[in-house]
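In: one predicted model, sequence on top.
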Amino acid sequence: MNDNTNQVDWQPSIQRDILISRASLLESTRNFFKQKRVLEVDTPTLSRGTITDVYLEALSTSVATVESKKTNYYLQTSPEFAMKRLLAAGSGSIYQICHAYRDDELGKYHNPEFLMLEWYRLDFTHIDLMHEMSELLVYLLDCKPAETISYQQLFIDILNIDPLLASDQELQNAVTNKVKGPNLACRDQLLQCLFASLIEPFIAQERPLIVKDFPASQSALARLSKSDPRVAERFEVYFKGVELANGFHELKDPSEQRQRFETDNKERLAQGKAVKPIDERLIAALSSGLPDCSGVALGLDRLLMIKLNKSSITEVLPFPIDIA
């Protein structure tokens, strides 16, 4: 029998010094939340529920349940739904460091399995959470405090386009002329193309930048702004051209949440994508009463990339997908 063991690529892709840096980052993160008296929790990676987001795809598998039949389960794209169930049950402010999974493109910032930090703060608005996010980044990266700008103002400053007022045709013209891109099916695709191609790679080079007040159509889990219902109380965090985090003033209304999930599924169907089951346990938790809170998810692998001045996520992962 031929022994091909020595030909198998079994070695990790990073050296011990980066393993130590990963461990140090996790320790510092836990210390930050310990000082804030925020409780660490862990929730299942597998669940019968999943996201309906048109632009995210969950990995799935079948599991033999106690009823001795195969049931479809999803690897979680984030621990959000389960953490909200804990919040509704009275957990208080909580955080979690966990692996998350997305059937996404591979690239310098993407691996199907990645390390996520997610936390929820009771009685915080999204503005309060933005301040705490800046505080965390200063603590972990020893960087300057984050600057803040609205999504609308960022488009105006960089592209001279008002994303809330421009017509779909004006946005398509910008995609055609500035990005050399194709005709796109909907307004959100046009905005995301412009943002990803012409804004995101060039912002926050010297200090973190928090972009707030995203269009309502891009914020399925966030409350709408009372002062301007065209936008939601959502923010994203960028540093050195990399998206690090996504946060919300959390939606509490179960009926509105269900409606948004159903709208997502209609759009998925229109785009030829599979309809996803609505997580009824999340809806039930919201119906029982979610406390007023804001939450945010942050990619720790990307954060470590920036901390160590690396150019690709594979440089900070022990086993990226190609050798996992």
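Out: Happy to help now that I have it.
In: partners of the helix or strand of the chain with the lowest mean pLDDT in the sheet?
Out: Across the helices and strands of the chain, the lowest-confidence element by mean pLDDT, DSSP states H and E is strand 60-64, at a mean of 89. Within its sheet, strand 60-64 is paired with strand 70-75 (antiparallel), according to DSSP bridges.
In: what about this structure, any weak spots by pLDDT?
Out: Scanning the chain for pLDDT under 70 picks out the ranges 1-6, 67-68.
In: if we go to 50?
Out: Residues of the chain meeting the criterion pLDDT under 50: 1.
In: show me how far the longest strand along it is from its chain's centre.
Out: Longest strand in the chain, counting residues (DSSP state E): strand 113-122. Relative to its chain's centre, strand 113-122 lies at 9 Å (Cα atoms, centre = their mean, to the nearest Å).
In: list the helices and strands that strand packs on?
Out: Taking 3 or more Cβ pairs under 8 Å, 6 or more residues apart in numbering; DSSP states H and E as contact, the helices and strands that strand 113-122 lies on are helix 80-88, strand 94-101, helix 126-141, strand 293-299, helix 300-307. Backbone N, C-alpha and C define where each C-beta goes, glycine included.
In: hang on, the earlier thing: please export the C-alpha coordinates of the least confident helix or strand of the chain as CSV.
Out: Taking Å, rounded to 0.1, in the frame of the first residue of the first chain, the C-alpha atoms of strand 60-64 are listed here in CSV:
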residue,chain,number,x,y,z
SER,A,60,-27.0,24.0,5.6
THR,A,61,-27.0,20.4,6.5
SER,A,62,-29.5,17.7,7.5
VAL,A,63,-29.5,16.3,11.0
ALA,A,64,-31.3,13.2,12.4
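In: residue 126 contacts residue 237, doesn't it?
Out: No. Counting by Cβ atoms under 8 Å, no contact exists between residue 126 and residue 237, whose distance comes to 11.8 Å.
In: return every residue with contacts to both of those two.
Out: Common contacts of residue 126 and residue 237, defined by Cβ atoms under 8 Å, 6 or more residues apart in numbering, comprise residue 247.
In: coming back round to it: got the helices and strands packed on strand 113-122 as CSV, with mean neighbour count and distance to residue 114 columns?
Out: Below are the helices and strands packed on strand 113-122 laid out as CSV (neighbours: other Cβ atoms under 10 Å; distance: least, Cβ to Cβ, whole Å):
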stretch, mean neighbour count, distance to residue 114
helix 80-88, 22, 15
strand 94-101, 20, 6
helix 126-141, 19, 17
strand 293-299, 24, 6
helix 300-307, 22, 5
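In: so which of those gets nearest residue 119?
Out: strand 94-101 (3.5 Å; Cβ to Cβ).
In: so what does the closest one touch, helix or strand wise?
Out: Secondary elements touching strand 94-101 (3+ Cβ pairs under 8 Å, 6+ apart): helix 16-35, strand 39-40, helix 80-88, strand 113-122.
In: buried residues, the last one. List them.
Out: This means strand 113-122. Neighbour counts over strand 113-122 (16 or more other Cβ atoms under 10 Å) mark 113-121 as buried.
In: what does the longest one give?
Out: Buried residues in helix 16-35, counted by 16+ other Cβ under 10 Å: 18, 21-22, 25, 29, 32-33.
In: for it, what is the distance to the chain centroid?
Out: Per Cα atoms, centre = their mean, the centroid offset for helix 16-35 relative to its chain is 21 Å.
In: cool, and the shortest one?
Out: Its chain's C-alpha centre and that of strand 39-40 lie 20 Å apart, by Cα atoms, centre = their mean.
In: what's in contact with it?
Out: Residues from elsewhere that reach strand 39-40, judged by Cβ under 8 Å, 6+ apart: 30, 33, 91-97.
In: try 7 Å this time
Out: For strand 39-40, the surrounding residues in contact (Cβ atoms under 7 Å, 6 or more residues apart in numbering) are 30, 33, 91-96.
In: let's have these in TSV, adding distance to residue 243.
Out: Formatted as TSV, the contacts of strand 39-40 follow (distance: Cβ to Cβ, whole Å):
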residue	distance to residue 243
30	23
33	22
91	28
92	29
93	24
94	23
95	20
96	20
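In: all set now, cheers.
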